[in-house]
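Asks: Predicted coordinates and the sequence they were generated for:
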Amino acid sequence: SFMTNYLIRSFLWFRERGFVQITQKTLVSLFPFFLFSGIIRVISLSVFSEMGYINQLFSVSDWLPAFKTSGQVLINLSSFLGGLAGPLSTYFAGKYTAGHYGRSTGTAGVTSLLVSLIIGSQELLMSPLNDGDLTRINLPASINIMLAIFVGYLVGQIFRFSRASDDQIVDKDYIYQPKTVRPIFLSLILAIGLNILFVIGERENIFQSIRQFTSTITVTGNHLFSTFMMGLLSTFSAWIGNSQAFALNSIAEDSFALENLTYAVSHHTTTGLPHLFTLTNLYHSYGLVAGVGSVLALLVALLLTSTSYKDKKVSLLSVFPSLFNNGAPLMVGVPVLLNLVYLVPFLLAPMVNMGIAAIALALRLMPAAVYPVPDGTPSLLYAFIGTGGSLRALAVSLFCFAVDVAIFIPFVRLSNKVQHGLKEEGETNEAQ
């Protein structure tokens, strides 16, 4: 139909922008790192933490020697790999940008990595460094992947606009030419400038004010509306690569949920709760039934209907972390981040789930989820455990999941067509 063709043409146009191509390449290159980080994180949260889901089921801590140590090693390893997400994104983006314009990729990549470490480490330039003690290098856990990629893109552009001859480090007669000096110098100046800006921003509490401002917008009087808005914002921020959306907010951060819990414990019932539509009740229990942006549903839809061998392979590799609410590997492997084809279902599916849950709660078809849920609980069981084991809540969760898969299937088919179109255009370009 005309509409589908128009959509496919727009998606193709978008995919062929230089920045988008570089972003997609970078995200796919990050996949193995995210996959390992995700799997290790799930194991450490679910198995090796006192409050972990699998530990509570099988009381692993009672019979496994070195339980605490293993947990510490795994969570630190996962944080290290996760913290490298920023520098690695910048590295690949710088490398691919330089390569896109036919420049020396190795030097641009390494320079991007250094720039990223300098920008992210506010104390690096301000505090004394003891011999060999580079502990001032900071690997922030919450980053915006798109920002990290953009920094790499900037460094790549600096390399692009330095003279083309600046590139051959060794010329044809094997004489060494120190020609990448200027772009490295400019990149380091950029890094130090940004570092100082961040330091000033923290000192003047500029970032704090921005955070407070955004939280005032989202908290309104009408709980149901504000809960939907928070869910939508959280999902969108995951699509543009904010890693904080993946950090599962605990029940402790939702004050209404705490009041509900107190009520349920003291009255021994969940009927007549003070707040029916809380973030925990709707977004965490049902909006995230298939993970952030319902990526678990996308994974199933890809396995069912995708014609891309790569997407199916990425899906199979990501099954384990995705089941346990860690959708990051699938998000970068497909990639879903900044992928226009999947934006609509990514935002829509969690909202539909919250709508279904709100109706079911209003009609009293199921109890509300008020109890704390152990870390690393599979997202499909979140409501079941949060309601204290209500089978009706589990049924609604599974129904939501089925709806999500149905929402994603037409978009996977659309993606098949876009990938087919990209392939055809690639072939015609090669033929020319």
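Replies: Arrived safely, thanks for sending. Numbering: from 1, shown residues only.

Asks: Would you check that Ile54 makes contact with Pro378?
Replies: No - Ile54 lies out of contact with Pro378 (C-beta atoms under 8 Å); the separation is 9.7 Å. Every residue, glycine included, has its C-beta placed from N, CA and C.

Asks: Please tell me how far Ser162 sits from His284.
Replies: To His284, Ser162 is 49 Å away according to C-beta to C-beta, to the nearest Å.

Asks: higher neighbour count, those two?
Replies: A direct count of neighbours by other C-beta atoms under 10 Å for Ser162 and His284 places His284 higher, at 25 against 20.

Asks: got a list of what the closest residue in space to the more buried one that isn't next to it in sequence touches?
Replies: Nearest non-adjacent residue to His284, counting by C-beta to C-beta, 6 or more residues apart in numbering: Tyr382, 6.5 Å away. Applying C-beta atoms under 8 Å, 6 or more residues apart in numbering to Tyr382 gives the contacts His284, Ser285, Leu288, Val289, Ala369, Val373, Ser397.

Asks: and which of those residues is nearest to Leu45?
Replies: Proximity of the contacts of Tyr382 to Leu45 (C-beta to C-beta) peaks at Val373, which lies at 11.9 Å.

Asks: sec struct for the residue nearest to His284, please.
Replies: Put simply, Tyr382 is helix when judged by DSSP: H, G, I helix; E, B strand; the rest coil.

Asks: Tell me the confidence at it?
Replies: If you check Tyr382, the pLDDT there is 86.

Asks: just Thr269 next, same as before
Replies: 58.

Asks: ditto for Leu298
Replies: On the pLDDT scale, Leu298 gets 95.

Asks: Does it touch Phe408 like I think?
Replies: Yes - between Leu298 and Phe408 there is a contact at 4.9 Å, judged by C-beta under 8 Å.

Asks: if I look at those two, which residues touch both of them?
Replies: With C-beta under 8 Å, 6+ apart, Leu298 and Phe408 have common neighbours Tyr342, Pro345.

Asks: Have a look at those two and say which one is more surrounded.
Replies: With neighbours defined as other C-beta under 10 Å, Leu298 and Phe408 compare such that Leu298 has more, 34 against 27.

Asks: Next, work out how far apart Met229 and Ala358 are.
Replies: Met229 is 14 Å from Ala358, by C-beta to C-beta.

Asks: Compare these two and say which is more crowded by neighbours.
Replies: Using other C-beta under 10 Å as the criterion, Met229 and Ala358 rank with Ala358 on top: 18 against 15.

Asks: The more buried one is in what secondary structure piece?
Replies: Taking DSSP states H and E as the criterion, Ala358 maps to helix 340-362.

Asks: if you average pLDDT over that helix, what comes out?
Replies: Mean predicted confidence for helix 340-362 is 90.

Asks: what's the answer for stretch 32-42, then?
Replies: Averaged across stretch 32-42, pLDDT comes to 88.

Asks: The contacts of Tyr382 in helices, which ones?
Replies: Those of the contacts of Tyr382 mapping onto helices are Ser397, per DSSP state H.

Asks: Separate out the buried members of the contacts of Tyr382.
Replies: For the contacts of Tyr382, a burial check counting by 16 or more other C-beta atoms under 10 Å picks out His284, Ser285, Leu288, Val289, Ala369, Val373, Ser397.

Asks: just curious, which of the residues you listed is nearest to Gly327?
Replies: Leu288 (9.5 Å).

Asks: The closest residue to Leu64 other than its chain neighbours: helix or strand, and which one exactly?
Replies: Leaving out its chain neighbours, the residue that sits closest to Leu64 by C-beta to C-beta, 6+ apart is Ser70, at 7.5 Å. Following DSSP H and E, one finds Ser70 within helix 67-83.

Asks: Find out how far whichever helix or strand comes after that helix is from the centre of the chain, if you would.
Replies: Downstream of helix 67-83, the first helix or strand assigned by DSSP H and E is helix 85-100. What separates the centre of helix 85-100 from the centre of its chain is 18 Å, taken as C-alpha atoms, centre = their mean, to the nearest Å.

Asks: re the thing from before, any buried residues in the helix holding Ala358, and which?
Replies: Result for helix 340-362 [16+ other C-beta under 10 Å]: buried residues 341-343, 345-358, 360-361.

Asks: Next: stretch 73-93.
Replies: 74-75, 78-79, 81-93.
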